[in-house]
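> predicted coordinates and the sequence they were generated for:
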Amino acid sequence: MDGHDRRRDARYCDRHSDWSSRLFGVGGTLLIAALVLAGALVTWTIVRPAPPITRPMVVNLMPLASPPEPVRDVAPGPQQVERQAAKPDTRTVAAPVPVIPLPAPPAAPTRPAEATPPTDPAPPVVQTTAPRTIAAPVMDRLSDAARPDWEGILLAHLERFRRYPPRARAARQQGIVHVRFRMNRAGMVLDAQVVRGSGSVSLDQAALETFRRAQPLPAIPPDRPDQLELTIPVEFHLDLR
């Protein structure tokens with residue numbers, strides 16, 4: 001039994017040694033292959049160049065310059081001239097009535113002289129009628145010259161209603177106020193406004209009140225329009241001597 005067991009153990013040991021040798025050889029081979037593969041990977045990682053980093057291209061575009069405007073010779077246009085609107089008749093002065101002498105009436109036809117006493121001749125007809133027709137225009141002309149004009153009457157009427165403001169008098173304010181007003185034939189003031197002030201509000205207001213107090217103004221003469229627009233300076237002056 002001992003010899004048989006020994007042989008069996010020897011065979012078992014040999015078989016076990018073969019398997020160990022094989023496993024050791026396979027393991028060594030795998031280990032070597034793994035080392036080679038690891039070395040290759042390390043080498044590839046070190047040697048392989050890094051890929052270039054691509055960055056976006058940045059371009060700054062400048063705005064396009066507009067083409068220069070062509071210079072054109074243009075003829076200058078007509079210059080506009082400011083014109084003031086037509087205003088109603090202002091301060092129309094009546095023209096003097098021309099003196100037109102009336103022609104002398106034709107002389108009566110002469111008739112054959114009748115038998116009359118020679119000491120009583122009839123006076124000529126021309127001498128009795130001609131002086132009478134010439135004297136009439138002279139009388140009319142004298143009456144027109146003696147009659148005061150309407151503008152003078154209007155200014156005298158306004159003067160009676162002018163009042164100096166007490167506050168302006170105390171402050172010794174002076175000036176001339178130009179008032180433009182429109183009136184109808186009956187002498188009523190339709191509107192009034194200050195076109196050039198005196199620099200004092202009190203004096204300007206007093207000038208306007210003068211026209212309101214003076215109504216009705218002297219009536220417009222028959223030879224003038226139904227409405228008149230006039231500009232009259234109202235003066236406020238103090239004697240400071």
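That came through, no problem.

> now the protein, which segments are flagged as low pLDDT?
1-25, 39-148 (pLDDT under 70).

> try it again at 90.
1-148, 239-241 (pLDDT under 90).

> how about the helix or strand in which residue 157 is found: buried residues?
According to DSSP states H and E, residue 157 maps onto helix 150-160. Under the neighbour-count criterion of 16 or more other CB atoms under 10 Å, helix 150-160 has 150, 154, 158 buried. (Each C-beta comes from the backbone N, C-alpha and C, glycine too.)

> for the residues you listed, which one is nearest residue 210?
residue 158 (6.0 Å; CB to CB).

> from what I can see that closest one touches residue 235, true?
No: using CB atoms under 8 Å as the test, residue 158 is too far from residue 235 to be in contact (11.1 Å).

> between these two, what contacts are shared?
Here residue 158 and residue 235 have no joint contacts, going by CB atoms under 8 Å, 6 or more residues apart in numbering.

> could you dump the buried residues of helix 150-160 to TSV with distance to residue 228?
Formatted as TSV, those follow (distance: CB to CB, whole Å):
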residue	distance to residue 228
150	10
154	10
158	14
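
> and for residue 169, the neighbour number?
13 (other CB atoms under 10 Å).

> can I assume it sits in a helix?
Yes: applying DSSP: H, G, I helix; E, B strand; the rest coil, one finds residue 169 inside a helix.

> which ones are touching the nearest residue to it once chain neighbours are set aside?
Closest residue in space to residue 169, ignoring its immediate chain neighbours: residue 238 at 6.8 Å, by CB to CB, 6 or more residues apart in numbering. By CB under 8 Å, 6+ apart, residue 238 lies in contact with 164, 169, 172, 174.

> and what of residue 186?
216, 219.

> in what helix or strand does residue 232 lie?
Assessed by DSSP H and E, residue 232 sits inside strand 227-236.

> related to what we said a few turns ago, other SSEs contacting the helix holding residue 157?
With contacts taken as 3 or more CB pairs under 8 Å, 6 or more residues apart in numbering; DSSP states H and E, helix 150-160 sits against strand 227-236.

> list the buried ones in the strand it packs on?
228-230, 232, 234, 236.

> then stretch 163-172?
So, applying 16+ other CB under 10 Å, buried residues of stretch 163-172: 165, 168.

> which residues touch that stretch?
200, 202-203, 205-206, 209-210, 213, 236, 238, 240.

> cutoff 10 Å now
With CB atoms under 10 Å, 6 or more residues apart in numbering as the test, stretch 163-172 has contacts from 173-175, 198, 200-207, 209-210, 213, 236-238, 240.

> residue 220: neighbour count?
19.

> distance of it from residue 171?
38 Å (CB to CB, to the nearest Å).

> likewise for residue 159?
Residue 159 sits at a distance of 23 Å from residue 171 (criterion: CB to CB).

> same deal with residue 38?
116 Å.

> who does the residue lying closest to residue 155 once chain neighbours are set aside bridge with?
In space, and not counting its chain neighbours, residue 155 is closest to residue 232: 7.2 Å by CB to CB, 6+ apart. Applying DSSP bridges to residue 232 gives these bridge partners: residue 179.

> OK, contacts around residue 206?
Taking CB under 10 Å, 6+ apart as the test, what residue 206 contacts is 162-165, 167-168, 177, 198, 200, 234, 236.

> looking at those, which is nearest residue 33?
When these are compared against residue 33 (criterion: CB to CB), the nearest one is residue 200, at 121.6 Å.

> surely the closest one is in contact with residue 194?
No: assessed by CB atoms under 10 Å, residue 200 is found out of contact with residue 194, at 11.2 Å.

> overlap in contacts of these two?
Joint contacts of residue 200 and residue 194 (CB under 10 Å, 6+ apart) are residue 177.

> cool, thanks, signing off.
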